[in-house]
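Q: Return atomic coordinates for the entry below.
(one chain, ligands or ions: 2)
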Amino acid sequence: MTALEMWGNLGSFIAALMFAWAMFRQYFPPQLRMHVEAYAQKAVGHVYPYVQIKFPEFTGEWLERGEAYTAIQNYLTRSASARAKRLKAESVKDSMSLVLSMDENEEVIDEFEGVKLWWSSSLIVSQKSPFSWSPSSEDRRFYRLTFHRSHRDLITGSYIKHVLEKGKVVAADNRQRKLFTNNPSSNWSYHKPSKWSHVAFKHPSTFDTLAMEPSKKREIMNDLLKFQRGKEYYERIGKAWKRGYLLYGPPGTGKSTMTAAMANFLNYDVYDVELTTVKDNTELRKLLIDTSEKAIIVIEDIDCSLDLTGQRKTKKQEKDDDGEKADPVKRMAKGGEESKDSKVTLSGLLNFSDGLWSACGGERIIVFTTNFVEKLDPALIRRGRMDKHIEMLYCCFESFKVLARNYLGIESHPLFTSVRQLLEGTEMTPADVAENLMPKSDDEDEEACLEGLIKALEKVKEDARKKSEEEKAAAAEAEATAARAMAQEEGQQTSSAGEQEKGGRGCAEEVKENGVL
Ligand SMILES: Nc1ncnc2c1ncn2[C@@H]1O[C@H](COP(=O)(O)OP(=O)(O)OP(=O)(O)O)[C@@H](O)[C@H]1O
Ligand SMILES: [Mg+2]
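A: Ligands and ions are numbered 1, 2, ... in the order given. Sure, this is the predicted structure:
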């Protein structure tokens, strides 16, 4: 028999089977058909050694997109793009890249701990619109997983968990991350229920481009990685999966840049909380609850946002304050007009940072930045709330080298030696160094930029020297004035003591005289 004849016979056999099946469906009464089908399935089950699991696209009463379906779709991306013959492409990251998944009725093979499995994707077209070209909302897509029944425990126990976890990781890598900012409370309405507005987060800062001492940078990166991989660890020790970072240092040392680098490193969204537009503590809590996992919540310039220098109020004091706010008479008595300022208090902020851990699921980082760490209440930055304190420093030579690589594309230059000497003991922020390294015109080359930086550093050094001399002179002057004042005071005391003595004696004499009298 030739191959062609064999295919011909097989085709006839399948056609006959399909015809028999159609007759069976048409002429058998439904109840009888159900019984026959059930017995047929049982009979097949005895000889057919494979198990199948179906993962539908939409689940639940409201037909939400099943998390498992999406995770499987993402998990199968790699094997589908390598092996499937027909693929579907979807754009992600604001149309910046494509994700490929297998098209309907395709099959790919996967392997897990030496066990072979088959994934197929299927589509059941809705009965209502069999000839419609446009997809119907009632069309049902699903993935079907087939495996040998001897591996049932392995597949249902570990493999499916592995697929879902890997799928979520792929989804996180593919998603467009967002930068959220809180809407002023007046913007919350029925039509715009979200407390946050967002744009795509595209900050270019990375740890590679961040100017910082390499060992410190590595330490922070390791800390972040440990946190990100620490799900089980946090569960085991019974601590919420969160970490607080306090970034402090002078303006322009890279606190905001570091926050962006952290978000890019961890692949997290960023929630930038503008505290001054938050009406009160309750609103702050609502904002917190509305954040997602895998997020960095940032409160910049925490010392400027609120008056956090005061002591924490007791519950009673807060109640009294609330009473005053509510009572117009008390408010007027306090000083007239109602304040338009935020009424978020230190306690509110503490509850916010603590609530972060208790009210929400895991994987959140909170970052506070400040120029004046000494101004902050110790309660706000104690370990447990702010677990890691990072001081952002003036530019050192190692930081300069990173900036030179970023801005000029050079690793070394004869002028580096002068820069190194000048940077020692000079306080110039990375922001100022970066500004000096930026070519001001097309014909300014790297040498000109470095010379410009050297001049700027010399000026800063000279200004610092003059300032220190002026300060020394002022201190000496103040000391001299104080000494003069003390001497004068001592002189006055001596003379007044003399007079007192005289006066005293006078009195005594008087008494005496009086006595005599
Ligand atoms: N450590 C750094 N590494 C790389 N670039 C830096 C660094 N520090 C500052 N810069 C550059 O200077 C600019 C200002 O820095 P940034 O806004 O991060 O400072 P900051 O510490 O947040 O200042 P502020 O206290 O005023 O908020 C950045 O846009 C960046 O280009
Ligand atoms: Mg900043």
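
Q: in stretch 413-429, what counts as buried?
A: Neighbour-count burial for stretch 413-429, counted by 16 or more other Cβ atoms under 10 Å, picks out 415-416, 418-419, 422-423, 426, 428-429. Backbone N, C-alpha and C define where each C-beta goes, glycine included.

Q: Now do the contacts for the closest residue to residue 407 other than its chain neighbours.
A: Nearest non-adjacent residue to residue 407, counting by Cβ to Cβ, 6 or more residues apart in numbering: residue 437, 4.0 Å away. Counting by Cβ atoms under 8 Å, 6 or more residues apart in numbering, residue 437 touches 403-404, 407-408, 449-450, 453.

Q: shaky segments in the stretch 51-200 of the chain?
A: Applying pLDDT under 70 to the stretch 51-200 of the chain flags residues 60-65, 80-84, 90-99, 125-139, 185-194.

Q: closest point of the chain to ligand 1, which residue?
A: residue 254 (2.7 Å; Cβ to the nearest ligand atom).

Q: mind checking how far that residue is from residue 444?
A: Distance, residue 254 to residue 444, using Cβ to Cβ, to the nearest Å: 24 Å.

Q: Compare the two (neighbour count), which wins?
A: residue 254 (23 against 13; other Cβ atoms under 10 Å).

Q: Name the residues of stretch 158-167 that come out as buried.
A: Under the neighbour-count criterion of 16+ other Cβ under 10 Å, stretch 158-167 has 159-160, 163-164, 166-167 buried.

Q: Stretch 363-380 too?
A: 363-371, 373, 376, 380.

Q: Return the residues of the stretch 151-300 of the chain in contact with ligand 1.
A: Residues of the stretch 151-300 of the chain lying close to ligand 1 by Cβ under 6 Å from any ligand atom are 210-212, 251-257.

Q: Leaving aside the residues adjacent along the chain, what's closest to residue 433?
A: Nearest in space to residue 433, with sequence neighbours left out and distances taken as Cβ to Cβ, 6+ apart, is residue 395 at 4.6 Å.

Q: Over to the one you found. Which of the three states is it?
A: Secondary structure state of residue 395, per DSSP: H, G, I helix; E, B strand; the rest coil, is coil.

Q: residues contacting the nearest residue to residue 408 once chain neighbours are set aside?
A: Closest residue to residue 408 apart from its sequence neighbours, by Cβ to Cβ, 6+ apart: residue 446 at 4.4 Å. Residue 446 sits next to 408-410, 413 when contact means Cβ under 8 Å, 6+ apart.

Q: and those residues, which are buried?
A: Using 16+ other Cβ under 10 Å, the buried members of these are residue 408.

Q: near ligand 1 too, which of the contacts of residue 446?
A: Near ligand 1, taking Cβ under 6 Å from any ligand atom as the test, no member of the contacts of residue 446 is found.

Q: picking up where we left off before, the residue of the chain closest to ligand 1 reaches residue 434, doesn't it?
A: No - counting by Cβ atoms under 8 Å, residue 254 stays clear of residue 434, with 9.4 Å between them.

Q: So for the two, which residues contact both of them?
A: By Cβ under 8 Å, 6+ apart, the residues touching both residue 254 and residue 434 are residue 211.

Q: Not counting its neighbours along the chain, what's nearest residue 118?
A: What sits nearest to residue 118 in space, not counting adjacent residues and going by Cβ to Cβ, 6+ apart, is residue 146, at 4.3 Å.

Q: show me what contacts the one you found?
A: Each residue near residue 146 by Cβ under 8 Å, 6+ apart is listed here: 50-52, 117-120.

Q: Excluding chain neighbours, what is closest to the spatially most central residue of the chain?
A: Nearest residue to the geometric centre of the chain (Cα atoms, centre = their mean): residue 296, 1.9 Å. With Cβ to Cβ, 6+ apart as the criterion, residue 296 has its nearest non-adjacent residue at 4.7 Å, and that residue is residue 365.
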